[in-house]
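Peer 1: 3D, please:
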Amino acid sequence: MYKHILVPTDGSKLSGKAVTEAVKLAAICGAKITLLHVVSDYRKAMSETYAVPAAMAAPIQKKFQDEAATRSRKIIDTAGAVAKAASIPCGGVSVISDSPYETIIKQAGKSKCDVIVMASHGRRGLQGFLLGSETTKVLCHTKIPVLVVR
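Peer 2: Numbers count the residues shown, from 1 in each chain. Now for the predicted structure:
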């Protein structure tokens, strides 16, 4: 059946449920897992939030990138421990991007995954329209199966 499962995770409790479901699926199928954490790009995060003087930009960017890398490693390591506990082969990838859904789809192709297991907050109506849903975008644009966990 499935041989390689991509699991995007943001470290939330809900994406933890997706990791757990992916581990169960991997155990049944004899598949391996690739965990993916998408980190926001510094330039976009800072330009939308703060006006940073040019003289301070480099040190702030370095601090942002270091903290993001540490947070990403922790998220991947925590999720990876769930797979490891179940003896499921698992690797992790951290990618800087401002388009999580595109990154998820690209990583699925790059890693040769044949299914994506991801969480959805289940936002509907105006809230879903305004906030957008990375899960919905993945569902609309990918060509491989997606298991949505809520």
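Peer 1: Please count neighbours and contacts with C-alpha atoms only from this point.
Peer 2: OK.
Peer 1: can you tell me which helix in the protein is longest?
Peer 2: helix 54-85 (DSSP state H).
Peer 1: what about the helices in this protein?
Peer 2: 13-29, 42-49, 54-85, 100-110, 125-131, 134-141.
Peer 1: any idea which of those scores lowest on pLDDT?
Peer 2: Least confidently modelled of these is helix 125-131, at a mean of 51 by mean pLDDT.
Peer 1: Would you confirm that Ser120 contacts Leu147?
Peer 2: No: with contact defined as Cα atoms under 8 Å, Ser120 does not count as touching Leu147 (10.0 Å).
Peer 1: So for Tyr2, which of the helices of the chain sits nearest?
Peer 2: helix 13-29 (5.9 Å; Cα to Cα).
Peer 1: what angle do that closest one and helix 54-85 make?
Peer 2: Interaxial angle of helix 13-29 relative to helix 54-85 (axes from the mean of the first three to the mean of the last three Cα atoms, to 10 degrees): 40 degrees.
Peer 1: returning to that earlier point: who does the longest helix of the chain touch, helix- and strand-wise?
Peer 2: helix 13-29, strand 32-39, helix 42-49, strand 90-96 (3 or more Cα pairs under 8 Å, 6 or more residues apart in numbering; DSSP states H and E).
Peer 1: Flag every buried residue along that helix.
Peer 2: 61, 64-65, 68-69, 71-73, 75-77, 79-80, 82-83 (16 or more other Cα atoms under 10 Å).
Peer 1: same deal with stretch 5-22?
Peer 2: Buried residues in stretch 5-22 (16+ other Cα under 10 Å): 5-11, 14-22.
Peer 1: from those, which is closest to Tyr101?
Peer 2: Pro8 (9.5 Å).
Peer 1: Now the terminal residues of stretch 4-18, how far apart.
Peer 2: 15 Å (Cα to Cα, to the nearest Å).
Peer 1: follow-up on the earlier one: quick one: which of the buried residues of helix 54-85 is nearest Leu35?
Peer 2: Ile76 (6.5 Å).
Peer 1: and the residue lying closest to Ile96 once chain neighbours are set aside, how many residues sit next to it?
Peer 2: Setting aside the residues directly before and after it, Ile96 is nearest to Val39 in space (Cα to Cα, 6 or more residues apart in numbering), at 4.6 Å. Number of residues near Val39 (other Cα atoms under 10 Å) recorded here: 19.
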